[in-house]
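Participant: predicted model, plus sequence, below.
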Amino acid sequence: MAKLFQLHNLSKSFGSTSAIDKVNLDIETGEIIALIGSSGSGKTTLLKLLNGQHLADKNGDVSISNTPIKQLTNTQLRKARSSIAYIPQDLGIVKNLKVFQNIFLGKVGRISTPSMLWRFLFPPKSEILKIHQLLERTGIEKKLYSVTSTLSGGQQQRVAIARALYQGAHTILADEPISSVDPARANSLIQLLIDISRENNLTLIMSIHNIELAQKFFPRLIGLKHGKIILDQSKVTPAELENLYQLNEEQLTQ
Ligand SMILES: Nc1ncnc2c1ncn2[C@@H]1O[C@H](COP(=O)(O)OP(=O)(O)O)[C@@H](O)[C@H]1O
Ligand SMILES: [Mg+2]
């Protein structure tokens with residue numbers, strides 16, 4: 001099968017902190033992956049390397065469909081990034097905009113600022129229809145014209161998912177999207193993201209703190225510890241878990 005992402009000897013440091021340390025990894029189109037590991041293990045950094053938000057240190061790189069990110073021109077990088085939806089921990093939505101306007105922002109890298117402004121003020125019927133359909137799929141179609149701040153946290157997450165779909169991305173990177181919702185909502189949100197990804201043959205990579213949910217829903221678990229991949233499999237034993245979340249001496253004395 002075609003490799004969508006290939007990580008070769010990938011490292012990323014911030015000053016003297018090595019956030020990702022010589023990682024090698026292949027990800028195929030349509031894979032559903034949970035990225036697990038304790039806080040500070042490198043999950044967010046890895047997600048940001050995958051979409052070119054962070055550039056790797058000099059020796060390694062990420063290839064997207066066989067092209068190393070470092071070889072892309074700025075225009076090509078922008079195009080590659082527009083095909084990868086990134087849902088940050090804070091969802092990256094503008095709360096005082098209406099829901100449909102936030103969805104429009106999914107195409108911010110693809111259409112010019114003047115046309116975006118025009119769409120904000122005079123939304124074309126055909127686009128509103130498309131957005132309505134996407135909101136139906138995420139269960140919040142009644143909120144199309146609502147100001148986003150009036151939605152619950154769970155509903156705002158659905159806005160972020162609908163925006164990713166509108167973006168027309170082949171990949172969704174979701175950074176701990178369930179960290180601020182209750183367990184029942186967490187289950188339905190993960191299920192929704194996985195269903196939508198499967199229906200559309202999207203690749204889904206989600207960082208997730210809750211190991212039970214990761215094991216329940218995800219066929220592939222990738223465990224990071226101090227920036228290294230220490231497991232890549234479908235089930236994790238208690239001993240492996242203990243090792244994954246074990247704190248080092250430095251963290252224990254902080
Ligand atoms: N922009 C940054 N500047 C400096 N250090 C960073 C930055 N981003 C991450 N780090 C450090 O890199 C390590 C990995 O962080 P991160 O990828 O956020 O881990 P996780 O998402 O698993 O909690 C941590 O030690 C963190 O402090
Ligand atoms: Mg993080």
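Facilitator: In hand now; what should we look at? Numbers count the residues shown, from 1 in each chain. Ligands and ions are numbered 1, 2, ... in the order given.
Participant: list the buried ones in stretch 120-132?
Facilitator: For stretch 120-132, a neighbour-count test (16 or more other C-beta atoms under 10 Å) marks 123, 128, 131 as buried. In this view, the C-beta of every residue, glycine as well, is placed from N, C-alpha and C.
Participant: tabulate the residues you listed (JSON lines), appending pLDDT and distance to K228.
Facilitator: Shown next, in JSON lines, are these (pLDDT from 0 to 100; distance: C-beta to C-beta, whole Å):
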{"residue": "P123", "pLDDT": "87", "distance to K228": "47"}
{"residue": "I128", "pLDDT": "95", "distance to K228": "47"}
{"residue": "I131", "pLDDT": "95", "distance to K228": "41"}
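Participant: tabulate these (TSV), appending secondary structure and distance to ligand 1.
Facilitator: Converted to TSV, those look like this (DSSP: H, G, I helix; E, B strand; the rest coil; distance: C-beta to the nearest ligand atom, whole Å):
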residue	secondary structure	distance to ligand 1
P123	coil	36
I128	helix	36
I131	helix	31
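Participant: then the host helix or strand of R158 to PDB, C-alphas only?
Facilitator: Per DSSP states H and E: R158 is located in helix 153-166. Output of helix 153-166 as PDB, limited to C-alpha atoms (Å, rounded to 0.1, in the frame of the first residue of the first chain):
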ATOM      1  CA  GLY A 153     -17.700  22.500  24.400                       C
ATOM      2  CA  GLY A 154     -18.800  19.300  22.700                       C
ATOM      3  CA  GLN A 155     -20.600  21.100  20.000                       C
ATOM      4  CA  GLN A 156     -17.600  23.400  19.300                       C
ATOM      5  CA  GLN A 157     -15.500  20.200  18.800                       C
ATOM      6  CA  ARG A 158     -18.000  19.200  16.200                       C
ATOM      7  CA  VAL A 159     -17.600  22.500  14.500                       C
ATOM      8  CA  ALA A 160     -13.800  21.800  14.300                       C
ATOM      9  CA  ILE A 161     -14.500  18.400  12.800                       C
ATOM     10  CA  ALA A 162     -16.900  19.800  10.200                       C
ATOM     11  CA  ARG A 163     -14.300  22.500   9.300                       C
ATOM     12  CA  ALA A 164     -11.700  19.800   8.800                       C
ATOM     13  CA  LEU A 165     -14.100  18.000   6.400                       C
ATOM     14  CA  TYR A 166     -14.900  21.200   4.500                       C
END
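Participant: and the helix or strand following that helix, which residues are buried?
Facilitator: Going down the chain from helix 153-166, the next helix or strand is strand 171-175, by DSSP H and E. Across strand 171-175, burial judged by 16+ other C-beta under 10 Å covers 171-175.
Participant: mind listing what the residue lying closest to K235 once chain neighbours are set aside touches?
Facilitator: Once flanking residues are discounted, K235 sits nearest to Q215: 6.6 Å by C-beta to C-beta, 6 or more residues apart in numbering. Contacts for Q215 (C-beta atoms under 8 Å, 6 or more residues apart in numbering) come out as 221, 235-236.
Participant: look up the pLDDT of Q215 for me, please.
Facilitator: According to the prediction, Q215 has pLDDT 94.
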